[in-house]
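> I'll drop the sequence and a predicted model, then ask my questions.
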Amino acid sequence: MHSADWKAALDYEELSNCMRCGFCQPACPTFRETGYEAASPRGRIALMKAVADGILEPDQDVVDQMSLCLGCRACEPVCPAGVKYGKLIEQAREAIERKRVHPWPVRLLRWLAFRQLLPRQDRLYLAGRLLRFYQRSGLQRLARRLGLLRLLPAQMRTMEAVLPEAAGKGLTEAVGTVVPAKGEKKLRVGMFRGCIMDVLFQKTNVNTVTLLADAGCEVVIPPGQACCGALHAHSGEREQARQLARQNIAAFKQADVELIVSNAGGCGAMLQEYHHLLEHDPAWEADADWFVRHVRDISEVLAGLTGTPPLQPLPKRITYQSSCHLRNGMKVTKEPVKLLQSIPEATFVPLFEADRCCGSAGIYNLVQPDMAGRILDGKMGHVAATRADILVTSNPGCLLQMKAGIEQAGLGDRMEAVHLVDLLARVRRDAETEGERPSIDAVTQI
């Protein structure tokens, strides 16, 4: 690819905003692990600009550094110039993929994942049913007993061991497309069910609906919604991500909801980027802006409601690993902690460097297993130091990564990793409560 192609693909003004101050370096996981300038946000921006200016060819070294980035966006909150690095790295990867020729097995996998599975919820449900059959029929035990899993890469074997039981049906099949509020309806919200979430974490989706309904929300699950497009955008498939964005915007506009609720940090951050994704599409700019302004994380909604049903006591030590995209993308930091601290008799233990990436980063732990493993090893040292009984996070990828880390660190006999929503559902009182119903003033200021 020539420099003109990169210059057309990249936001050149955003590239020029980098002052090369270096504040991003201590925040960057790959720079901390390697100490290489090129492995820092500042270094990668310099590479992007050099290619766009025709000073440097986009050779394999450049491609490798763009691929090594986790996309955690920890550099953005510490950048005094407010450089939108997440946007730049996605644009650079899109520029790379336009001319990149992968080996045929990689092309096949990308075609299956990005074109045939993730955009098609019906096919994902079919894949979920097949995985469920594998898990429940005895085939999984047989494959493990015969050592067949040794044919897989180590990281995939680890992920297979911690996968939750797949769902045989989707959220709308389980609860319908509209779930009424308990008591007086205070808010009509649309729930973003996700793609992988609705197959591997359907219980979390059901718990999300239950918590919202208990809090006085009428919950709508628009059937026309699709994958958020995050994995596509992070992998250079931004045109496919744009198509998914248009589909989701149309589905939630038609649903006539007051808020759009996500329970996955990675999905929520992507949903809030739709206005950037469609900024050069005049037909969708206004609707994308409406959509972005209405997206909320589940923790924001629940923490902003008053008079919610009380929680049962939980005399456990709890710590919290922040989802990078929830923190750095959606800017949600206090609400999950507030909810955890509201659990009676629970002891909240802060996790040192909870704002540091765990190494999951979508599919990063599969495509960059060495770096992901190094980052996870450092994280688990801090996790062990908390002596927590429960490690909570708010993103499915982070949850699987932390489950894997707990097992690898030998902490499985005394610690469990749980999604925030599932823990709140666990301690929720089922009995009807008297008194004040939820007030939504705090969450409807949009």
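Looks like it arrived, so ask away.
> I would like the residues contacting the host helix or strand of residue 47, please.
In the assignment (DSSP states H and E), residue 47 maps to helix 41-52. By Cβ atoms under 8 Å, 6 or more residues apart in numbering, the surrounding residues in contact with helix 41-52 are 3, 6-7, 10, 12, 15-16, 18, 20-22, 24-25, 28, 31, 36-38, 56-58, 62, 65-66, 69, 75, 79, 83, 85, 88-89, 92. Heads up, the C-betas are built off the backbone N, CA and C, glycines and all.
> Which ones among these map onto helices?
Counting by DSSP state H, the part of the contacts of helix 41-52 found in helices is 3, 6-7, 12, 15-16, 31, 62, 65-66, 75, 85, 88-89, 92.
> Are any of the contacts of helix 41-52 buried, and if so which?
3, 6-7, 10, 15, 18, 24-25, 28, 31, 38, 56, 58, 62, 65-66, 69, 75, 79, 83, 85, 88-89, 92 (16 or more other Cβ atoms under 10 Å).
> Return the distance of the helix holding residue 47 from the chain's centre.
26 Å (Cα atoms, centre = their mean, to the nearest Å).
> before we move on, what about stretch 155-165?
That offset, for stretch 155-165, works out to 18 Å (Cα atoms, centre = their mean).
> And for stretch 371-390?
For stretch 371-390, the distance to the chain centre is 19 Å (Cα atoms, centre = their mean).
> Residues in contact with it: which ones?
Here stretch 371-390 has contacts from 29-30, 33, 68, 70, 155, 316-319, 321, 349-353, 356-361, 364-365, 391, 401-402, 404-406, 408-409, 411, 414-418, 423, using Cβ under 8 Å, 6+ apart.
> Which members of those are positioned in strands?
In strands, defined here by DSSP state E, the members of the contacts of stretch 371-390 are 317-319, 391, 416-418.
> ok, those residues vs residue 249, which is closest?
Distance to residue 249 across the ones in strands among the contacts of stretch 371-390 (Cβ to Cβ) is lowest for residue 418, with 31.9 Å.
> Grab the most central residue of the protein for me.
What sits nearest the mean C-alpha location of the chain, by Cα atoms, centre = their mean, is residue 266, with 1.9 Å.
> picking that back up, which among the contacts of stretch 371-390 end up buried?
Those of those that meet the buried threshold are 29-30, 33, 68, 70, 155, 318-319, 321, 349, 351, 356-361, 364-365, 391, 401-402, 404-406, 409, 411, 415-418, 423, by 16+ other Cβ under 10 Å.
> quick one, strands of the protein?
178-179, 187-191, 217-220, 259-262, 295-297, 317-320, 347-348, 390-393, 416-419.
> elements contacting the first one?
Using 3 or more Cβ pairs under 8 Å, 6 or more residues apart in numbering; DSSP states H and E as the contact test, the elements touching strand 178-179 are helix 202-214, strand 217-220.
> how far out from the middle of the chain is the longest one?
It stands for helix 202-214. 18 Å.
> Kindly report the same for the shortest one.
With Cα atoms, centre = their mean as the basis, the distance from the averaged C-alpha position of strand 217-220 to the chain average is 22 Å.
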